[in-house]
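Q: this one's sequence-less:
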């Protein structure tokens, strides 16, 4: 019998979380009826997605001067991207992807259009299709959302967050 020790990556205090939220618009575009409908649809989407909308802890590594936070748990296959897209578009919803750390967070938007484009892409050698989600005019923070095809449908597998080392240190203050 042999024992193999693997170098473990350190756990981090950062978690990744997805949330279904209304598509951002100016306040004059909202009315009580629309808000009530969206809140009901958000509850339905999050109930169907189960762990997809729960905080996912991360582990860290350094790559080329950037800190990479990788989600430690793969998401379950409860809500396919093909089923999620029509739910989002019919209720004017989008996904908020957040990297949450001790009271602060970095949030980015993952639209139904970006998910639809991702489905059409070719898978990499591991069978993943990955899209980069980024802030406009900001190369300091990026998130990578990976989906995988299973029994004819695509499911969100994981989300990783990449940030410049210097920026990451400032965010931990």
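A: Okay, I see it. As the structure is a computational prediction, the values presented were derived from the model and not from experiment.

Q: off-centre distance for stretch 90-98?
A: 11 Å (CA atoms, centre = their mean, to the nearest Å).

Q: in it, what's buried?
A: 91, 93-98 (16 or more other CB atoms under 10 Å). Using the backbone N, CA and C atoms, a C-beta is placed for each residue, glycine as well.

Q: contacting residues for residue 161?
A: Residues in contact with residue 161 (CB atoms under 8 Å, 6 or more residues apart in numbering) are 14, 16, 58, 68-69, 99, 106, 141-144.

Q: in space, what's closest to residue 105 - neighbours in sequence excluded?
A: In space, and not counting its chain neighbours, residue 105 is closest to residue 98: 4.8 Å by CB to CB, 6 or more residues apart in numbering.

Q: got the confidence number for that neighbour?
A: Residue 98 is assigned 94 on the pLDDT scale.

Q: can you name the residues that contact it?
A: By CB under 8 Å, 6+ apart, the contact list for residue 98 reads 16-19, 105-108.

Q: mind checking which of these are in helices?
A: Judged by DSSP state H, those include no members of helices.

Q: which of those tops the neighbour count?
A: Within those, most neighbours by other CB atoms under 10 Å means residue 16, with 24 neighbours.

Q: beta partners for that one?
A: residue 56, residue 99 (DSSP bridges).

Q: so it sits against residue 159, correct?
A: Yes. Between residue 16 and residue 159 there is a contact at 4.7 Å, judged by CB atoms under 8 Å.

Q: find residues that contact each of those two.
A: Common neighbours of residue 16 and residue 159 (CB under 8 Å, 6+ apart) are 56, 71, 97, 143.

Q: dump the residues you listed into TSV; add secondary structure and distance to residue 133 as well.
A: Below are the shared contacts of residue 16 and residue 159 laid out as TSV (DSSP: H, G, I helix; E, B strand; the rest coil; distance: CB to CB, whole Å):
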residue	secondary structure	distance to residue 133
56	strand	15
71	strand	14
97	strand	6
143	strand	4
